[in-house]
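>>> quick one, structure for this:
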Amino acid sequence: MTTPTEYDAIIIGSGQGGTPLSTALAQAGMHTALIEREHVGGTCVNEGCTPTKTMVASARVAYLARRAADYGVHTSPITIDLGKVRQRKRDIVNSFRNGSQARIEKTENLDLIFGAASFAGPKLVAVNLRDGGQRLVSAKYVFINAGTRASRPQLNGLDQVSVLDNVSIMELDIVPDHLLVLGGGYIGLEFGQMFRRFGSRVTIVQTGPQLLAREDPDIVEEVTNILRQDGVEVLLNARATHVSQMEGSIRLEVEQPGHSMTLAGSHLLVATGRVPNSDTLHLKAAGIHTDERGFIKVNDRLETNVPGVYALGDIKGGPAFTHISYDDFRIVRSNVLDKKPASTKDRQVPYTVFIDPQLGRVGMTQTEARSQKRNIRVAKLSMSSVARALEIDETRGFMKAIVDAESNQILGAAVLGIEGGEIMSAIQIAMMGKLPYTALRDGIFAHPTLAESLNNLFMAMDAAQKR
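Next comes the predicted model:
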């Protein structure tokens, strides 16, 4: 090996934590190396948020086009050009990716190195360069932002079957005849509804008793009803036991309490979770500790057990959202550059599941509040009681808020409805400002907007029983 190049900081992975951190460190005068295995932008830009939400938008257009007659508009029969959908997705991804890479390359003190990184020592990193050869780099600070990838469940026959994951399914150029989906989490639901709207028959196979395992049962029940209304088949308490493929058909054997069945599909999407990319980094050479699943252990300042080595984003476990990765960057920047204490403790974790209608969530669920034996009030408002939702004929779902019965502080909210993520964000702002729920109950919101429904949601809180 050659003599290592000395840097002030090394960042492994150009995701939503690593990219802004690299430019911040470089602009602060630190000679920084940003190592990227494949594409700038990480999961979000290349195979997560950006491409999936682009395709979700196409699926929603197809959904609205089929409903056009409900609005008094008549159209020709709807057809899907999945190749065009895919190209639109690719164009937007390339635009985001190339723009980010150009900004990195223009930043002084910042070297972008394409290759696969692994540790050769505590602060020593070997890079197998994409164009051939190897480089050694070392630094006082190392930041790991290497992300996760789709997991593969232990399922008999899976290795002998052509399967799709969250990346490969977006590269299809034809609409599947019958898409089987293993997993009832965010990924499974978003792709399941999307391809149903593109014209596929879709069956979701969920091992547990409900979809979206972390959500309140009433929310999940409504989500399940919405998917079934859209024509998605949902199987709960369904354990896949064997899969095989013959003559272009995938056969999935499934057991439910009291009986078993065999599903026949044209395509199989595996959406059973994510695993960290820590197994490619040779962390033992640096002495970096992980948990039993391979996620890198960090403290509340995101520092590992090795001083000066930090982990950001999905690879450290916890909530796997782009906005959390970006907040990880802010925490590290504050501690390392600004020398001001910042912590992950008690930070809010808002998120949106981009089914349609959206599910926006922030703060505690009702189940969590009860488990903590909190004295709470809970209010709900059906979207069919929201004037704006009625006007645009998008009345599926409901809003739900949890409030501390003594302080009147909002503890959490779930909004399953049209633009649910945006309405949730308005509630989150109130939570950030520590406003009592009465501020939203009595606030003046423009009419007719979705936000003004917060008046009625929190008016219902006045009558809600303590729980």
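>>> which phi and psi does residue 327 have?
With angles defined as degrees, to the nearest 10, residue 327 sits at phi -70, psi -30.
>>> go on, the one 10 residues further on?
Per-residue torsions, residue 337: phi -90, psi -50 (degrees, to the nearest 10).
>>> ok, now which ones touch it?
By Cβ atoms under 8 Å, 6 or more residues apart in numbering, the contact set of residue 337 is 24, 25, 28. All C-beta spots, glycine's among them, are computed from the backbone N, C-alpha and C.
>>> buried subset of those residues?
By neighbour count, with 16 or more other Cβ atoms under 10 Å, the contacts of residue 337 hold 24, 25 as buried.
>>> of the contacts of residue 337, which belong to strands?
Judged by DSSP state E, the subset of the contacts of residue 337 located in strands is empty.
>>> looking at the contacts of residue 337, which is nearest residue 186?
Closest approach between the contacts of residue 337 and residue 186, by Cβ to Cβ: residue 24, at 29.5 Å.
>>> which residue is the nearest non-sequential neighbour of residue 49?
In this structure, residue 49 finds its nearest non-sequential neighbour in residue 322, 5.5 Å apart by Cβ to Cβ, 6 or more residues apart in numbering.
>>> which residues touch residue 342?
Residue 342 neighbours (Cβ under 8 Å, 6+ apart): 301, 330, 331, 334, 335.
>>> show me which pair in those residues is furthest apart.
301 and 330 (11.8 Å).
>>> ok so, going back, and which of the contacts of residue 337 is nearest residue 179?
residue 24 (41.9 Å).
>>> thought the closest one was touching residue 333?
Yes - look at residue 24 against residue 333 with Cβ atoms under 8 Å: they come within range, at 5.3 Å.
>>> quick one: pLDDT of residue 248?
pLDDT for residue 248: 83.
>>> before we move on, what about residue 165?
pLDDT, residue 165: 97.
>>> how close does it get to residue 226?
Residue 165 is 25 Å from residue 226, where distance means Cβ to Cβ, to the nearest Å.
>>> now, the contacts of residue 337 that are in helices?
By the criterion of DSSP state H, membership of the contacts of residue 337 in helices covers 24, 25.
>>> this structure - how does it break down into domains?
The chain breaks down by automatic domain parsing into domains covering 5-150+275-337, 158-272, 357-463.
>>> the closest residue to residue 309 other than its chain neighbours sits in which helix or strand?
Once flanking residues are discounted, residue 309 sits nearest to residue 142: 4.7 Å by Cβ to Cβ, 6+ apart. Assigned by DSSP states H and E, residue 142 belongs to strand 134-144.
>>> check which element follows that strand along the chain.
Moving toward the C-terminus from strand 134-144, the next helix or strand (DSSP H and E) is strand 148-150.
>>> can you count the residues close to the closest residue to residue 390 other than its chain neighbours?
Excluding the flanking residues, the one nearest residue 390 by Cβ to Cβ, 6+ apart is residue 384, at 7.0 Å. As a burial measure, residue 384 scores 13 neighbours (other Cβ atoms under 10 Å).
>>> surely residue 384 touches residue 399?
No - Residue 384 is not in contact with residue 399 according to Cβ under 8 Å; the separation is 11.3 Å.
>>> can you map out the helices along the protein?
Using DSSP H, helices in the chain cover 18-27, 42-47, 49-66, 82-105, 186-198, 217-229, 322-332, 366-371, 387-391, 420-432, 437-441, 453-463.
>>> looking at these, which is nearest to residue 123?
If you check each of the helices of the chain against residue 123 by Cβ to Cβ, helix 18-27 wins as the nearest, at 15.2 Å.
>>> what residues sit buried inside the closest one?
Those would be 18, 19, 20, 21, 22, 23, 24, 25, 26, for helix 18-27 by 16+ other Cβ under 10 Å.
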